[in-house]
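Trainee: no sequence for this one, just the structure:
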């Protein structure tokens with residue numbers, strides 16, 4: 001599995017609500033920011049994937065909130081590969097406070113791979129270079145692919 005660095009940044013004022021805490025919808029955005037960052041780290045920036053004709057829609061998303069963030073706090077998102085079979089992919093996210101080291105939120109996303117006509121793509125057959133990078137990052141072994 002390719003080692004990646006956690007995604008780190010500071011909470012912006014516009015991400016907070018009237019109570020002075022981060023609005024819940026922003027955690028989903030942070031998971032997306034972290035996912036695109038990880039893909040870039042493994043040599044698959046979203047623009048390269050899209051130029052190849054691949055779309056990666058979100059099929060599902062969930063987030064469990066534990067400790068609120070406030071303006072200017074620094075957080076880090078750890079992206080954890082879960083499943084990849086060449087057609088679908090799922091990832092877990094752990095969002096930690098940089099100062100306290102505590103888990104503030106945890107989530108999951110699931111995705112599929114489509115062409116521009118919104119038809120499913122078989123990554124191994126149709127995009128072997130991209131497939132190879134994803135299997136390396138996701139830690140997939142040959143025998144697991146058919147599952």
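Mentor: On my side now, so go ahead. Here the structure is a predicted model, which is why all the values come from computation and not from measurement.
Trainee: pLDDT value on the most centrally placed residue in the chain, please?
Mentor: Central residue of the chain (C-alpha atoms, centre = their mean): residue 35, 2.7 Å from the mean position. At residue 35, the model reports a pLDDT of 98.
Trainee: From residue 119, how far off is it?
Mentor: 23 Å (C-beta to C-beta, to the nearest Å). In short, each C-beta sits where N, CA and C put it, glycine included.
Trainee: same thing with residue 57?
Mentor: To residue 119, residue 57 is 12 Å away according to C-beta to C-beta.
Trainee: Buried residues in stretch 68-80, which are they?
Mentor: For stretch 68-80, a neighbour-count test (16 or more other C-beta atoms under 10 Å) marks 68, 69, 73, 75, 76, 77, 78, 79 as buried.
Trainee: what comes into contact with it?
Mentor: With contact meaning C-beta atoms under 8 Å, 6 or more residues apart in numbering, stretch 68-80 is reached by 4, 6-13, 15-16, 20-22, 30-31, 33-35, 38, 91-99, 104.
Trainee: again, but for stretch 54-61
Mentor: With C-beta under 8 Å, 6+ apart as the test, stretch 54-61 has contacts from 28, 31, 46, 49, 88-89, 107-116, 118, 121, 127, 130.
Trainee: now with 10 Å?
Mentor: 27-28, 31-32, 35-36, 39, 44, 46, 48-50, 88-90, 93, 107-118, 121, 123, 126-127, 130 (C-beta atoms under 10 Å, 6 or more residues apart in numbering).
Trainee: now do stretch 125-134
Mentor: Contact with stretch 125-134 is made by 2, 39, 42-44, 48-49, 52-54, 81, 84, 86, 89, 113, 115, 120-124, 140, 145, as judged by C-beta under 10 Å, 6+ apart.
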